[in-house]
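> Structure for this input, please:
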Amino acid sequence: MKKVYIRTFGCQMNEYDSDRMADLLAATEGLERASHPEDADLILLNTCSVREKAQEKVFSDLGTLRELKNARPDLLIGVGGCVASQEGQAIVRRAPYVDLVFGPQTLHRLPDLIAARRASGQPQVDIRFPEIEKFDALPPPRVSGPSAYVSIMEGCSKYCSFCVVPYTRGEEVSRPFDEVIAEVAGLAEAGVCEVTLLGQNVNAWHAPLDPAAQALGLPARADFALLLEHVAAIPGIERIRFTTSHPREFGQRLIDAYARLPQLVPHVHLPVQSGSDRILAAMKRGYTRLEYLSIIRRLRAARPDICIASDFIVGFPGETEADFDATLKLVSEVGFDASYNFIYSARPGTPAASLSDDTPREVKVERQRRLQALLDAQASAISATMLDTVQRVLVEGPARRDPGELAGRTANNRVVNFTAPPHLHATLMRGYTQVRITHVRAHSLRGEWITPQSESADTALHALAAHRTPPAP
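Now for the predicted structure:
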């Protein structure tokens, strides 16, 4: 069987898109996924242009792939994702051995692009922005575990001054309500018990409802909070996550959902980027420091145990020491969980790229170090509170460093490596189990599996396996 190798850069949206490419190519071309590029007949790079280094890494990888192409002229090489959308034909000019260039919104056209490349012998480039067409063209997602991603919207209409996403993924477009619910229900029937809803600004999702739904008392238009209610009502869905959210759409109805829906995990990723109102205005984020803090305060009132993760940009053009101190103060006030921070890098075509930036690189690096130290200390403090507690963990598979152990994820998004009887591993990997946290480490936890009470481990796990085994196709 012929094979496709897909290398993914960037966010969870790209991870989802890569999986859908693999599903599509399996259904249309009979390609199975390869673990190494040397074994593949088709190599795809699914790219990210949010950071400068990620973009240059793509061209570095293409240089390496050129040797494979020279040795095997029939090998096809494709570049997809945001770099493809941004660069288009320039990729072929810079790397003429690339056969396919396609954007995030045209990945469903891969079979047609491959056919056209073979028929014409010429590179094929398609980086248009058809609205929601790709979801209609893609086959149902294949799942092999208890968790799955579901993309519910595409694009971004916020136009933050530093961000290239609106130019590479287009304006915000939401998938229809019925399609999202049907996909999640199908995943649940296949044994999925945890879903992560994806979008560039996932909480901006909205969609009209048909007259039949309105006749049942539902509004004419559904918002994200209503979608969450209906996803939570699907039998078998026990946990719901979503990413990435934007403060501008984090309204009271969504906050109230945290108090109302136990399926919503006590963890949210809510990028703030800066604690300085002056910098937030220059970034065109559309909220102030106090407005962000108000969201956090109301979230914690609705769900006291919630953990808040965030994103920060250090060294945005014009950032002073006072601006950076405002960010440190915000971090101290909020008490963030594991978060990301990046030194600002100008992206071509964005408004911020033309701003004067006279802060020395070494100053930015030192600010990033100070911010990361504070964020790490806060995340470690949250982890420390979990020591000796019993956590309900979704088992994801063998631990990375020790395949003899299992790895899972807590409701608040902590990775836990734990030991369990080897003959029970296959059954445990089908869903949730109880783990007592025994050690706290910098970026993960360690624990021990707890035998279900009042019955033997084998009896309990046998019953659990029977309950979770999906119906035969």
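> so where is the stretch 1-150 of the chain shaky, pLDDT-wise?
Residue ranges of the stretch 1-150 of the chain with pLDDT under 70: 52, 54, 131-132.
> Mind doing that once more with 80?
Low-confidence segments of the stretch 1-150 of the chain, defined by pLDDT under 80, span residues 1, 50-56, 130-140.
> Give me the distance between Gly191 and His425.
Gly191 sits 17 Å away from His425, going by CB to CB, to the nearest Å. C-beta here means a position set from N, CA and C on the backbone, and glycine is covered the same way.
> How about Glu179?
In terms of CB to CB, Glu179 sits 36 Å off from His425.
> go on, Ala188?
For Ala188 relative to His425 (CB to CB), the value is 23 Å.
> Arg253 now?
As judged by CB to CB, Arg253 and His425 stand 42 Å apart.
> same thing with Asp325?
49 Å.
> same question, Ala384
The gap separating Ala384 from His425 is 29 Å, by CB to CB.
> any chance you could map the helices in the stretch 251-400 of the chain?
Counting by DSSP state H, counting those that start in this stretch, residue ranges of the helices within the stretch 251-400 of the chain are 252-260, 277-283, 289-302, 321-334, 361-384.
> Deepest in the core, which of these is it.
helix 277-283 (a mean of 19; mean count of other CB atoms under 10 Å).
> Can you list the helices and strands that that one packs against?
Packing partners of helix 277-283 (3 or more CB pairs under 8 Å, 6 or more residues apart in numbering; DSSP states H and E): helix 321-334.
> how long is stretch 305-320 end to end?
34 Å (CA to CA, to the nearest Å).
> count of neighbours near the nearest residue to Cys48 once chain neighbours are set aside?
Closest residue to Cys48 apart from its sequence neighbours, by CB to CB, 6 or more residues apart in numbering: Gly10 at 2.6 Å. Neighbourhood size, Gly10 [other CB atoms under 10 Å]: 18.
> residue contacts, Leu209?
By CB atoms under 8 Å, 6 or more residues apart in numbering, the contact set of Leu209 is 177, 218-222.
> Leu226 versus that one, what's the distance?
Taken as CB to CB, the span from Leu209 to Leu226 is 9 Å.
> How about Leu424?
Distance from Leu424 to Leu226, counting by CB to CB: 40 Å.
> cool, Lys134 as well?
24 Å.
> And for Ala338?
Taking CB to CB as the measure, Ala338 falls 30 Å from Leu226.
> got it, and Leu44?
Separation of Leu44 from Leu226 (CB to CB) stands at 36 Å.
> Those two: which is more packed in?
Leu44 (26 against 19).
> list the contacts for the more buried one?
If you count contacts by CB under 8 Å, 6+ apart, then Leu44 has 4-7, 18, 21, 77-80, 100 around it.
> what are the phi and psi values for it?
Main-chain dihedrals, Leu44, degrees, to the nearest 10: phi -120, psi 130.
> Could you give the bridge partners of it?
Note on Leu44: beta-bridge partners by DSSP bridges are Ile6, Gly78.
> so what's Ala302 scoring on pLDDT?
We have a pLDDT of 98 for Ala302.
> give the contact list for it.
So Ala302 contacts 255-256, 258-259 (CB under 8 Å, 6+ apart).
> swap in Thr288?
277, 280.
> what about it, distance to Val331?
Taking CB to CB, one finds Thr288 at 16 Å from Val331.
> do the same with Leu371
Leu371 sits 7 Å away from Val331, taking CB to CB as the criterion.
> Need the residues touching each of the two.
Common neighbours of Leu371 and Val331 (CB under 8 Å, 6+ apart) are Phe312.
> How many residues are close by Glu194?
So Glu194, with other CB under 10 Å, has 23 neighbours.
> Leu197 too?
For Leu197, using other CB under 10 Å, the count is 22.
> about what we covered before: indicate which one of the helices of the stretch 251-400 of the chain is closest to Arg392.
Among the helices of the stretch 251-400 of the chain, the nearest to Arg392 by CB to CB is helix 361-384 (16.5 Å).
> Dump that closest one to PDB, restricted to CA.
The C-alpha trace of helix 361-384 is given here as PDB (Å, rounded to 0.1, in the frame of the first residue of the first chain):
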ATOM      1  CA  ARG A 361      16.800  41.900  21.700                       C
ATOM      2  CA  GLU A 362      18.600  41.200  24.900                       C
ATOM      3  CA  VAL A 363      16.000  43.300  26.800                       C
ATOM      4  CA  LYS A 364      13.200  41.200  25.300                       C
ATOM      5  CA  VAL A 365      14.900  38.000  26.200                       C
ATOM      6  CA  GLU A 366      15.400  39.100  29.800                       C
ATOM      7  CA  ARG A 367      11.700  40.100  30.000                       C
ATOM      8  CA  GLN A 368      10.700  36.700  28.600                       C
ATOM      9  CA  ARG A 369      12.900  34.900  31.200                       C
ATOM     10  CA  ARG A 370      11.300  36.900  34.100                       C
ATOM     11  CA  LEU A 371       7.700  36.300  32.800                       C
ATOM     12  CA  GLN A 372       8.300  32.600  32.300                       C
ATOM     13  CA  ALA A 373       9.800  32.200  35.700                       C
ATOM     14  CA  LEU A 374       6.700  33.700  37.300                       C
ATOM     15  CA  LEU A 375       4.400  31.600  35.100                       C
ATOM     16  CA  ASP A 376       6.300  28.400  35.900                       C
ATOM     17  CA  ALA A 377       6.100  29.100  39.600                       C
ATOM     18  CA  GLN A 378       2.300  29.600  39.400                       C
ATOM     19  CA  ALA A 379       1.800  26.400  37.400                       C
ATOM     20  CA  SER A 380       4.000  24.500  39.900                       C
ATOM     21  CA  ALA A 381       1.900  25.800  42.800                       C
ATOM     22  CA  ILE A 382      -1.300  24.600  41.200                       C
ATOM     23  CA  SER A 383       0.300  21.200  40.600                       C
ATOM     24  CA  ALA A 384       1.400  21.000  44.200                       C
END
